[in-house]
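> Could you work out the structure for the sequence below:
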Amino acid sequence: MSDSFTSEISTRICSHMNEDHADAVLLYAQKFGSYSNSTAAKMLSIDAQGMNLTAEVSGESLPIRIEFDHTLKDAEDAHHTLIDMLKLARTQK
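As a prediction, this is how the structure comes out:
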């Protein structure tokens, strides 16, 4: 994990995403994790290179690793990158 992504930062981001943006986490799993039939998802951790999720698919919890298109610099970069990914996911059919 990058120095800029301590376990505390990862936990804070994951808690926020899971509690306030569960719909976005599900879209990440469906669009970037190739589980278009997932019905729920949870963000487990985030680091400078990507994020780890679990997705519920047909009653089974499956792990997903989604790599970012660049190495994140800090939590603010993570915020902007997650928003950009959500916008992209919403435009994909």
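
> contacts, neighbours, all on C-alpha from now
Noted.

> for the protein, what's the longest helix?
What stands out as the longest helix in the chain, according to DSSP state H, is helix 75-91.

> any idea how far L26 is from H79?
17 Å (C-alpha to C-alpha, to the nearest Å).

> Between these two, point out the one with more neighbours.
Just comparing H79 and L26: by other C-alpha atoms under 10 Å the higher neighbour count belongs to L26, 25 against 12.

> Wait, that one touches S38, no?
Yes - assessed by C-alpha atoms under 8 Å, L26 is found in contact with S38 at 7.4 Å.

> about what we covered before: the longest helix of the chain packs against which elements?
Applying 3 or more C-alpha pairs under 8 Å, 6 or more residues apart in numbering; DSSP states H and E, one finds that helix 75-91 contacts helix 22-31.

> hmm, 10 Å instead?
Packing partners of helix 75-91 (3 or more C-alpha pairs under 10 Å, 6 or more residues apart in numbering; DSSP states H and E): helix 7-20, helix 22-31.

> Let me know which of those helices is tucked in deepest.
Greatest average neighbour count among the helices and strands packed on helix 75-91 goes to helix 22-31 (a mean of 22), per mean count of other C-alpha atoms under 10 Å.

> low pLDDT regions in this protein?
1-4, 93 (pLDDT under 70).

> circling back to that earlier point, can the helices and strands packed on helix 75-91 go into TSV with extra columns for distance to S61?
Formatted as TSV, the helices and strands packed on helix 75-91 follow (distance: least, C-alpha to C-alpha, whole Å):
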stretch	distance to S61
helix 7-20	16
helix 22-31	12
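
> A55: which of those is closest?
helix 22-31 (6.5 Å; C-alpha to C-alpha).

> still on that earlier bit, residues shared between the contacts of L26 and S38?
Common neighbours of L26 and S38 are listed as T54, A55, E56 (criterion: C-alpha atoms under 10 Å, 6 or more residues apart in numbering).

> now the strand or helix carrying the second one, how far from the chain's geometric center?
Under the assignment given by DSSP states H and E, the secondary-structure element containing A55 is strand 50-57. A distance of 7 Å separates the C-alpha centroid of strand 50-57 from that of its chain, computed with C-alpha atoms, centre = their mean, to the nearest Å.
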